[in-house]
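Colleague: Structural data only, the sequence is not supplied:
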Ligand SMILES: Nc1nc2c(ncn2[C@@H]2O[C@H](COP(=O)(O)OP(=O)(O)O)[C@@H](O)[C@H]2O)c(=O)[nH]1
Ligand SMILES: [Mg+2]
């Protein structure tokens, strides 16, 4: 293949998308259980008005909801099981049956999430209809039971604990109180949710999560649900689709990036699939796949832009050859990258024909320096997306703006020195390419990413940016 032919590198995520464009989930549970709030939290569509495809008032499980903020999901709602709605059980089980027989992966259901409010003040855990679904469903679909409104249980138990302490004339400092409350809540969940679930099921009970969508303290339980759902998903394409669709577990997005990379283009570091292509088209396909996997709400498509690619290229220039390093990417060369993606000729005196820009614009080369930069590009981009993920999460899923991407680049740039040091040390130790195993290389890339990813406990990110244009590359070179 040659860069002058029509051959293009098609992102793997685009191919996958044709086969399975959306994750299809059935949510079961009575009205008010917190189904919509849960879907909003998991898929980052907070404050969203779902687009219902049904005629108002017409009860139909078959006409699902979709969301303009996240077009990777489609949700079917069981519509609850109020008393006297026995017919509804049949509607739901027929629906599950029918969907499971559909030939196209895109039409099939991919998961069932059963939502039940924690009965903190007594009462039933599940309506009869939900019990029947749980008992009778015998298919292969992963079912997860989600116990909702954990914060309400905590509040209730907190009040009781306070009263009890008062009566006994005891004192507790805040930390002690919260720790004690954690224990009480965990045991209340066992008593109120897990035990009744076990008592209900004749065989092994389904997997479950207790969560709250309103209390920041329980934000990690939303990510736990995603990670559990992925664990139970055996079909590889559905697994990737679920990891892409969700917007609450950075870990899942990182894992999916690695899985997608392993399918095709991260192998290209070692194999010959990039031979004849320009370095720029290689960077572009890596960028597209990684950005697609993170599936951020980016209506203006900033993350797909050449400006972002150029800044990411500047991030990795310190790993290029010494000679190249003496001629780093200038603003002018960057403009050339942005404006003339295919052009090889850079106008102006030779001094502006900077070598690193040439690297980006030139033909793919399988040299150590080149591969080192490509490895760093993958790692730097993934870790920048990871940073951006938490910036977005701590802002309540606002759409991507340039200022936010600049902030993520700046924050990651401040942390990149040890990352680059480990890339350099690793690649320097390589022998001849012929002896390298793509799987081992990809695993090591994954390890470096995981080791340097943002830890959820550091995720409250306060940095604010207001810039409306892309940052200058010099800003990435400041010590
Ligand atoms: N305190 C608290 N309220 C919640 C939680 N989840 C949902 N709610 C509230 O419960 C009500 C019903 O939620 P909704 O998601 O519409 O339930 P659905 O009918 O099952 O879709 C709304 O007023 C929500 O704000 C939660 O985790 N904690
Ligand atoms: Mg609802």
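Modeller: Noted; the coordinates are in hand. It should be emphasised that the depicted structure is a prediction, and the values quoted were computed from it without experimental measurement. Ligands and ions are numbered 1, 2, ... in the order given.

Colleague: make it CA atoms for all contacts and neighbour counts henceforth
Modeller: Noted.

Colleague: lowest confidence element among the helices and strands of this structure?
Modeller: One helix or strand of the chain scores below all others by mean pLDDT, DSSP states H and E: helix 322-325, with a mean of 54.

Colleague: quick one: the strands in the protein?
Modeller: 23-28, 51-52, 65-67, 70-77, 111-117, 143-148, 207-210 (DSSP state E).

Colleague: Point me to the residue of the stretch 251-400 of the chain nearest ligand 1.
Modeller: Proximity of the stretch 251-400 of the chain to ligand 1 (CA to the nearest ligand atom) peaks at residue 396, 15.4 Å away.

Colleague: my guess is residue 379 contacts residue 444, does it?
Modeller: No. Here residue 379 lies out of contact with residue 444, judged by CA atoms under 8 Å, at a distance of 10.6 Å.

Colleague: neighbour count winner among those two?
Modeller: residue 379 (24 against 14; other CA atoms under 10 Å).

Colleague: what number of residues lie near the residue lying closest to the more buried one once chain neighbours are set aside?
Modeller: Leaving aside its sequence neighbours, residue 379 sits nearest to residue 449 (CA to CA, 6 or more residues apart in numbering; 6.1 Å). When counting by other CA under 10 Å, one arrives at 21 neighbours for residue 449.

Colleague: on that earlier part again, mind checking the strands of the chain for the one nearest to ligand 1?
Modeller: strand 143-148 (5.5 Å).

Colleague: sorry, back to before: report the contact partners of the residue nearest to residue 379.
Modeller: 254, 379, 382-383 (CA atoms under 8 Å, 6 or more residues apart in numbering).

Colleague: And it, how close does it get to ligand 1?
Modeller: Using CA to the nearest ligand atom, to the nearest Å, residue 449 is found at 32 Å from ligand 1.

Colleague: Residue 33 now?
Modeller: Applying CA to the nearest ligand atom to residue 33 and ligand 1 gives a distance of 4 Å.

Colleague: and the gap between residue 122 and ligand 1?
Modeller: 17 Å.

Colleague: So for that residue, what pLDDT did the model give?
Modeller: On pLDDT, residue 122 comes in at 84.

Colleague: ok, how many other residues are close to it?
Modeller: Should you count by other CA under 10 Å, residue 122 turns out to have 8 residues around it.

Colleague: now residue 299
Modeller: Applying other CA under 10 Å, I find that residue 299 has 12 neighbouring residues.

Colleague: which residues does the closest residue to it other than its chain neighbours contact?
Modeller: In this structure, residue 299 finds its nearest non-sequential neighbour in residue 399, 6.9 Å apart by CA to CA, 6+ apart. Taking CA under 8 Å, 6+ apart, we find residue 399 in contact with 296-299, 392.

Colleague: mind checking how far residue 399 is from residue 393?
Modeller: 11 Å (CA to CA, to the nearest Å).

Colleague: Same check on residue 114?
Modeller: Noted for residue 114: a distance of 25 Å to residue 393, by CA to CA.

Colleague: Residue 95 too?
Modeller: In terms of CA to CA, residue 95 sits 34 Å off from residue 393.

Colleague: Quick check: which ranges of this protein have low pLDDT?
Modeller: 1-6, 46-59, 80-86, 202, 322-358, 434, 457-464, 478-479 (pLDDT under 70).

Colleague: Contact residues of it facing ligand 1?
Modeller: 30-37, 148-149, 151-152, 212-214 (CA under 6 Å from any ligand atom).

Colleague: quick one, phi/psi of the residue nearest to residue 299?
Modeller: Here is the backbone geometry of residue 399 (degrees, to the nearest 10): phi -60, psi 150.

Colleague: Return the distance of it relative to residue 73.
Modeller: 17 Å.

Colleague: cool, and residue 217?
Modeller: In terms of CA to CA, residue 217 sits 26 Å off from residue 73.

Colleague: same question, residue 204
Modeller: 29 Å.

Colleague: higher neighbour count, those two?
Modeller: Set residue 204 next to residue 73 and count neighbours by other CA under 10 Å: residue 73 wins out with 23 against 8.

Colleague: hang on, isn't the more buried one packed against residue 24?
Modeller: Yes. Using CA under 8 Å, residue 73 is in contact with residue 24, at 6.1 Å.

Colleague: Enumerate every residue touching the residue nearest the centre of the chain.
Modeller: The centroid of the chain falls nearest to residue 253 when counting by CA atoms, centre = their mean (3.5 Å). Contact analysis of residue 253 by CA under 8 Å, 6+ apart lists 243-244, 293-294.

Colleague: ok, and the most crowded of those residues?
Modeller: residue 243 (28 neighbours).

Colleague: residues in contact with that one?
Modeller: 226, 230, 252-253, 256, 293.
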